[in-house]
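In: I would like to see how this sequence folds:
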Amino acid sequence: MKFIPINKPMMDSRETKAVMEVLESGMLTDSSFEGGKRVKEFERKLASQLGAKHVVAVNSGTAALQTSLMAYNIKAGDEVILPAFTFEATANVVIACSAKPVFADVQSDYTIDPADIRRKITRRTKAIIPVHLYGYPVDLDEIREIARANGVRVIEDAAESLGAEYRGRQTGYTDDAGCFSLYATKVITSGEGGAISTNDDEMADKLRMMRNHGMKDGYDTRILGYNYRLAEIPAAIACVQMDKLPEFIEARRRNAAALTDAIAGLKGVSMRQSKADRKNIFYLYTVHVESARDRVQERLRAKGVGAVVYWKTPVNRMPLYEGMGFAGLELPGVYDAVDHVLSLPVHPGVSAEEVGYIGAELAAALREA
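Out: Below is the predicted model of the structure:
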């Protein structure tokens with residue numbers, strides 16, 4: 001059996017054709033307020049998928065998060081609540097705005113704990129960044145209720161959750177900001193890229209200026225901005241990928257269902273992201289391994305299964321944040337996740353035969369461990 005990677009970009013001649021059309025046009029980027037032809041097409045397609053009023057394309061998921069914070073004037077002295085169990089970009093953008101990250105605990109399904117948000121919210125809190133980790137939606141209704149009661153914004157980190165649903169609504173559909181990533185191994189890709197969704201007209205205008213040096217009509221910088229534009233080649237790739245999104249979603253869910261069946265009844269492992277009011281996109285099929293997780297992972301990889309641990313170190317214990325004094329926080333849910341999570345491949349490139357193989361090797365690895 002060949003090595004089965006945890007994720008990989010799914011490309012064919014359609015992406016190649018789209019890239020060649022951009023190269024032949026000579027229009028590689030567009031610094032206008034509205035963006036280039038392919039950028040606008042991608043924004044329309046993603047807005048239609050989400051049911052959102054606006055989508056603003058940028059050049060990374062990190063840029064999506066940072067510009068959203070900037071648009072809400074998050075600054076020194078402000079606090080932003082986010083889970084400590086996430087990719088560090090979620091926290092880095094808070095630091096980039098000179099604000100303070102406030103690390104919250106996670107629940108048994110690895111999503112931010114609303115009860116801990118309630119404990120940690122203060123008059124200095126200006127935003128909450130819930131993360132739909134592994135493609136599984138957080139409890140948005142409770143988080144939005146907390147935010148409304150305290151007059152703070154909710155900026156969804158939906159980098160891994162394009163196509164996931166919470167109580168019939170797409171993740172990232174919001175009146176505030178929903179942030180997506182188009183990194184090479186995400187649900188869809190443009191190589192590098194990102195996007196922000198919002199139903200707020202004023203917010204959308206600010207985001208479009210911020211991605212383009214704060215300009216609106218030519219060289220007329222009105223607010224602080226950067227070069228966070230999405231160029232036409234990645235936008236063209238993203239347009240093709242959007243057309244493939246329904247089949248990508250179907251394949252991920254089909255593979256996840258088959259893997260769930262394959263591991264049913266196995267002792268020492270469980271799937272914790274399966275509440276009935278949510279539709280998981282299974283960006284990463286992540287299980288909880290009760291004991292000897294690292295030995296299970298090692299055996300799986302030796303057998304050609306790209307099992308990966310996301311994340312072995314929580315953000316508050318990364319060297320940067322240790323140096324800021326965050327390492328000693330009491331976050332029992334986070335530390336439990338760190339010791340027990342294991343992600344398995346279910347991306348659209350995984351065949352039914354490979355899913356069966358992954359399930360069988362997981363069972364063998366658990367017995368051996």
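In: Quick test: name the residue nearest the centre of this protein.
Out: residue 159 (2.0 Å; C-alpha atoms, centre = their mean).
In: Dihedrals phi and psi, that residue?
Out: In this entry, residue 159 is assigned phi and psi values of phi -50, psi -30 (degrees, to the nearest 10).
In: Give the closest residue to it in space, chain neighbours not counted.
Out: With sequence-adjacent residues excluded and distances taken as C-beta to C-beta, 6 or more residues apart in numbering, residue 159 is closest to residue 181, at 3.7 Å. C-beta coordinates here come from the backbone N, C-alpha and C atoms, glycine included.
In: Do I have it right that residue 159 meets residue 60?
Out: No. Look at residue 159 against residue 60 with C-beta atoms under 8 Å: they stay out of range, at 9.6 Å.
In: how many other residues sit next to residue 303?
Out: Counted with other C-beta atoms under 10 Å, residues neighbouring residue 303 total 18.
In: On the pLDDT front, check it for me.
Out: The per-residue pLDDT reported for residue 303 equals 97.
In: try residue 1
Out: 67.
In: all strands for the stretch 101-250 of the chain, in order.
Out: 125-128, 153-157, 165-166, 169-170, 177-181, 194-198 (DSSP state E, counting those that start in this stretch).
In: Using CSV, lay out those strands together with distance to residue 268.
Out: Converted to CSV, those look like this (distance: least, C-beta to C-beta, whole Å):
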stretch, distance to residue 268
strand 125-128, 35
strand 153-157, 31
strand 165-166, 30
strand 169-170, 35
strand 177-181, 32
strand 194-198, 38
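In: which stretches of the stretch 51-200 of the chain form helices?
Out: For the stretch 51-200 of the chain, the helices defined by DSSP state H, counting those that start in this stretch cover 61-71, 89-96, 114-120, 140-150.
In: Next, the buried residues of the third one.
Out: Just to be clear, that refers to helix 114-120. 114, 116-117, 120 (16 or more other C-beta atoms under 10 Å).
In: mind checking how far that helix is from the chain centre?
Out: 22 Å (C-alpha atoms, centre = their mean, to the nearest Å).
In: got the CA positions of it in PDB?
Out: What follows is helix 114-120, C-alpha atoms only, in PDB (Å, rounded to 0.1, in the frame of the first residue of the first chain):
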ATOM      1  CA  PRO A 114     -18.600  28.800  26.000                       C
ATOM      2  CA  ALA A 115     -18.500  28.500  29.800                       C
ATOM      3  CA  ASP A 116     -14.900  29.500  29.900                       C
ATOM      4  CA  ILE A 117     -15.600  32.400  27.600                       C
ATOM      5  CA  ARG A 118     -18.200  33.600  30.100                       C
ATOM      6  CA  ARG A 119     -15.500  33.300  32.900                       C
ATOM      7  CA  LYS A 120     -12.900  35.200  31.000                       C
END
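In: what does that helix rub up against?
Out: Outside helix 114-120, the residues that touch it by C-beta atoms under 8 Å, 6 or more residues apart in numbering are 81, 102, 104-105, 128, 139, 142-143, 146.
In: could those residues go into TSV alongside distance to residue 41 and pLDDT?
Out: Converted to TSV, the contacts of helix 114-120 look like this (distance: C-beta to C-beta, whole Å; pLDDT from 0 to 100):
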residue	distance to residue 41	pLDDT
81	36	98
102	39	98
104	38	98
105	41	98
128	32	98
139	34	96
142	36	97
143	32	98
146	37	98
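In: Just the buried subset of these, written out for PyMOL, thanks.
Out: Listed next is the PyMOL selection for buried residues among the contacts of helix 114-120, using 16+ other C-beta under 10 Å:
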select buried, resi 81+102+104+105+128+139+143+146
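In: Let me know the closest of the contacts of helix 114-120 to residue 56.
Out: Distance to residue 56, by C-beta to C-beta, is smallest for residue 128 among the contacts of helix 114-120, at 20.6 Å.
In: how much space is there between that closest one and residue 121?
Out: Distance, residue 128 to residue 121, by C-beta to C-beta, to the nearest Å: 8 Å.
In: dump the residue contacts of the nearest residue to residue 205 once chain neighbours are set aside.
Out: Spatial nearest neighbour of residue 205, chain neighbours left out: residue 216 (7.7 Å); criterion: C-beta to C-beta, 6+ apart. Residue 216 sits next to 33, 205, 208-209, 222 when contact means C-beta under 8 Å, 6+ apart.
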